[in-house]
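one predicted model, sequence on top.
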Amino acid sequence: EYMKDPSFTYENIKTISTAGAGLLKWVLAMVNYYNVAKGVEPKRKKVAEAEKNLRLAQRDLADTKEQLAALNNQLTNLRSQFADKTLEQQDLRAKADLMERRLMAAERLIAGLSSEKERWANDIKSLEAAREKLVGDCLLCSSFLSYTGAFTFKYRSSMVYGLWQSDLLTRTVPLSQPFKLENIMTNDVETTAWALEGLPGDELSIQNGLLTTRAARWPLCIDPQMQAVTWIKRREGKQLEGKVKTFHDADFLKQLELAIQYGFPFLFEGCDEYIDPVIDPVLERSLVLGPGGKQMIKLGDKEVEWDPNFRLYLTSKLSNPKYGPEVSGKASIINYGLTQQGLAEQLLGVTVAHERPDLEEARAGLVADMSANKALLKKLEDTLLRELSNATGNILDNSELISTLESAKEKAVEISQKLAAAKATAKDIEEARVRYNPVAARGAVLFFVMASLNAVNNMYECSLSAFLKVFNQSLAVSKREPSLEGRLRAIVDTLTSDVYGYTCLGLFERHKLMFSFQMAVKILEAGPTPLDPE
């Protein structure tokens, strides 16, 4: 109540009592203190409690931060492990994809090349066996190329397969058995191509082809029937245009120079027993090194750059020329004289072309297709082996190579099937053609009877081209018969009569009877019943 009294103040009490005023001042201070303490004390407690809570919270915060740091470290480690495992997963996936691709590639390779395994294994065995026999094979082949060209087929055979082969076997020199020149020095692809170019397919003609293409010396062909000229011109084709000359042509030296310089073939046609010495450096291949290391050859008074692609051929129409040893040492003399078997094959083609042009056309087309297919098949097989041998790294990773191999293999299989079908067709065609053999055999006999007349008188010379005209004329004028056997008899009779009449036009009267007797004997010898030599 006192405190509520407005007159109860320090100033008023001081006027009454100084001591009382002092006491009042203390009391008032205590009252104010009480009032203040009354409001502050809860706050102090709250502050103390808050500070306590703060300390607890800070301690919890520190613990939480420590846990958070640990969790962050753990998270970092987990992330690192996740990245490592992700990379490992990607690597394993890439390896799995690679293995899958390689497995597929291996399956493709196995599927594509499994058929080749047996053939390659057999080839390896045959090549290993051939390598052991290489010494004798090379010796016999090189001897054939060096020494036998000028001789007849019979004499060549006696030298190679008789004398030389027996001598090598006696001396136990390794040698392929049975030995065949054609098996060692050429293959079906090449001989088929030669047949397509016009070279007969008999053994003598193939030997002549080997001598022409394989011998180290340039060929000088004894070619009275012009077989070599025909084959060479068809073989070289357009490259030989303007490059067929004789030694009597004024520009032969200039054209020879151009052929040597630019690597073209060159043919000296109709050579006699005289070979112009101006071409001796070419025959001897007397090469010298010129400026820049180029090979040069002296031709006349000029030095000409030598192209290794240059090819030289010489042919002679003389049936029995006499060349000295100096010519034999410079050129490879090759006897292209006809054999009865070779001529019979040519005449069979002429006969079938006249009587069954469809059959001969089919045969010619078949030979061309087989030649092209064999060449392509060999090229594909070579490509297959070359790609496999030249492959780098893991072959299963080279998808382009596998695709190339698959494509080559597919084509090779297709061509092999075509060749198998072509062989069957060729067999059927040959069976049809062989029925005309009596005409061809009679024609070959008659031609060689005509050719043998030069032994009686060297004036009696006959050419194959003239005989073929008579042969074609006989085919044209002979009587038509409904049956094939009747038609063949008519052709044979007409041909025999026409050849006899044509030949007798150029014979002396005293030689006609002898010619008739020779014809009769040779016809009987070639007949189905052997002629008694007695």
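It's in.

would you list every one of the strands in the protein?
218-222, 244-245, 265-268, 287-289, 295-299, 302-305, 311-316, 331-335 (DSSP state E).

which of the ones you listed sits closest to residue 104?
strand 311-316 (49.6 Å; CB to CB). Backbone N, C-alpha and C define where each C-beta goes, glycine included.

for the spatially closest residue to residue 219 that is not a sequence neighbour, give its distance to residue 465.
Closest residue in space to residue 219, ignoring its immediate chain neighbours: residue 212 at 4.5 Å, by CB to CB, 6 or more residues apart in numbering. Relative to residue 465, residue 212 is positioned 21 Å away (CB to CB, to the nearest Å).

try residue 426
Remark: distance between residue 426 and residue 465 (CB to CB) = 29 Å.

can you check residue 513 too?
To residue 465, residue 513 is 28 Å away according to CB to CB.

again, but for residue 439
Distance from residue 439 to residue 465, by CB to CB: 19 Å.

of those two, which one has the most company?
More neighbours surround residue 439 than the other of residue 439 and residue 465, with 29 against 9 (other CB atoms under 10 Å).

pretty sure that one sits against residue 493.
No. Applying CB atoms under 8 Å, one finds residue 439 not in contact with residue 493, separated by 10.6 Å.

since we're on residue 33, how many residues are nearby?
Neighbours of residue 33 under the rule other CB under 10 Å: 11.

check which helices and strands the helix of greatest length in the chain sits against.
When the chain is parsed with DSSP state H, its longest helix is helix 18-132. Packing partners of helix 18-132 (3 or more CB pairs under 8 Å, 6 or more residues apart in numbering; DSSP states H and E): helix 10-16, helix 399-433.

return the member of those helices having the minimum mean pLDDT.
The weakest mean pLDDT among the helices and strands packed on helix 18-132 belongs to helix 399-433, with a mean of 74.

flag every buried residue along that helix.
Neighbour-count burial for helix 399-433 flags 401-402, 405, 408-409, 412, 415, 419, 422, 426, 429, 433 (criterion: 16 or more other CB atoms under 10 Å).

closest one of those residues to residue 102?
Nearest to residue 102 among the buried residues of helix 399-433: residue 402, at 10.5 Å, using CB to CB.

so the closest one touches residue 105, yeah?
Yes. Between residue 402 and residue 105 there is a contact at 5.4 Å, judged by CB under 8 Å.

wait, residue 244 touches residue 265, no?
No. Judged on CB under 8 Å, residue 244 makes no contact with residue 265 at a distance of 9.4 Å.

any stretches of the stretch 401-534 of the chain with poor pLDDT?
The stretch 401-534 of the chain contains residues with pLDDT under 70 at 401, 404, 408, 529-534.

can you map out the helices along it?
Counting by DSSP state H, counting those that start in this stretch, the stretch 401-534 of the chain has helices at residues 437-451, 464-477, 484-504, 509-525.

mean neighbour count, those: which tops it?
For the helices of the stretch 401-534 of the chain, the largest average neighbour count (mean count of other CB atoms under 10 Å) is found in helix 437-451, namely a mean of 22.

kindly export that helix (C-alpha atoms) in PDB.
Extracted C-alpha coordinates of helix 437-451, given in PDB (Å, rounded to 0.1, in the frame of the first residue of the first chain):
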ATOM      1  CA  ASN A 437      36.000 -90.600-135.900                       C
ATOM      2  CA  PRO A 438      36.200 -92.800-139.000                       C
ATOM      3  CA  VAL A 439      36.200 -89.800-141.300                       C
ATOM      4  CA  ALA A 440      38.900 -88.000-139.300                       C
ATOM      5  CA  ALA A 441      41.000 -91.100-139.000                       C
ATOM      6  CA  ARG A 442      40.800 -91.700-142.800                       C
ATOM      7  CA  GLY A 443      41.600 -88.000-143.500                       C
ATOM      8  CA  ALA A 444      44.700 -88.200-141.200                       C
ATOM      9  CA  VAL A 445      45.900 -91.400-142.900                       C
ATOM     10  CA  LEU A 446      45.500 -89.900-146.400                       C
ATOM     11  CA  PHE A 447      47.300 -86.700-145.500                       C
ATOM     12  CA  PHE A 448      50.300 -88.500-144.200                       C
ATOM     13  CA  VAL A 449      50.400 -90.800-147.300                       C
ATOM     14  CA  MET A 450      50.500 -87.600-149.400                       C
ATOM     15  CA  ALA A 451      53.200 -86.100-147.100                       C
END
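
and it, what other elements does it pack with?
On a contact count with 3+ CB pairs under 8 Å, 6+ apart, helix 437-451 meets helix 340-355, helix 464-477, helix 484-504, helix 509-525.

report the beta-bridge partners for the residue nearest to residue 312 when sequence neighbours are not counted.
Closest residue in space to residue 312, ignoring its immediate chain neighbours: residue 218 at 4.3 Å, by CB to CB, 6+ apart. As for beta bridges, residue 218 partners with residue 331 under DSSP bridges.

which residues sit in contact with residue 218?
282-283, 311-314, 330-332 (CB atoms under 8 Å, 6 or more residues apart in numbering).

thinking again about what came up before, mind giving me a markdown table with the helices and strands packed on helix 437-451 and columns for distance to residue 85?
Putting these into a markdown table (distance: least, CB to CB, whole Å) gives the following:
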| stretch | distance to residue 85 |
| --- | --- |
| helix 340-355 | 79 |
| helix 464-477 | 89 |
| helix 484-504 | 87 |
| helix 509-525 | 95 |
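
do you know which of those helices lies nearest residue 261?
Nearest to residue 261, of all those, is helix 464-477, at 34.9 Å by CB to CB.

most centrally placed residue in the protein?
By CA atoms, centre = their mean, the mean C-alpha position of the chain lies nearest to residue 379, the distance being 2.3 Å.

do you know how far that one is from residue 411?
Distance from residue 379 to residue 411, by CB to CB: 10 Å.

how about residue 8?
Between residue 8 and residue 411 the computed distance is 132 Å (CB to CB).

okay, now residue 337: neighbour count?
Neighbours around residue 337, by other CB under 10 Å: 18.

next, it: phi, psi?
phi -60, psi 140 (degrees, to the nearest 10).

list the contacts of it.
Residue 337 makes contact with 152, 222, 224-225, 319, according to CB under 8 Å, 6+ apart.

which members of these are the farthest-apart pair?
Across the contacts of residue 337, the longest distance by CB to CB is 14.1 Å; it joins 152 and 225.

so between the two, which is more surrounded?
residue 225 (23 against 13).

for that one, which non-adjacent residue is closest in space?
Among residues not flanking residue 225 along the chain, residue 464 sits closest, at 3.9 Å (CB to CB, 6+ apart).

considering the contacts of residue 218, which is situated nearest to residue 90?
residue 311 (62.8 Å).

just checking, the closest one touches residue 265?
Yes. Using CB under 8 Å, residue 311 is in contact with residue 265, at 4.3 Å.

tell me, what's touching the two both at once?
Counting by CB under 8 Å, 6+ apart, the shared contacts of residue 311 and residue 265 are residue 236.

and residue 422, what does it touch?
By CB under 8 Å, 6+ apart, the contact set of residue 422 is 366, 369-370, 373.

highest neighbour count among the residues you listed?
residue 370 (21 neighbours).

isn't that one up against residue 426?
Yes. Between residue 370 and residue 426 there is a contact under CB under 8 Å: 7.2 Å.

number of nearby residues for residue 244?
Using other CB under 10 Å, the number of residues around residue 244 comes to 21.
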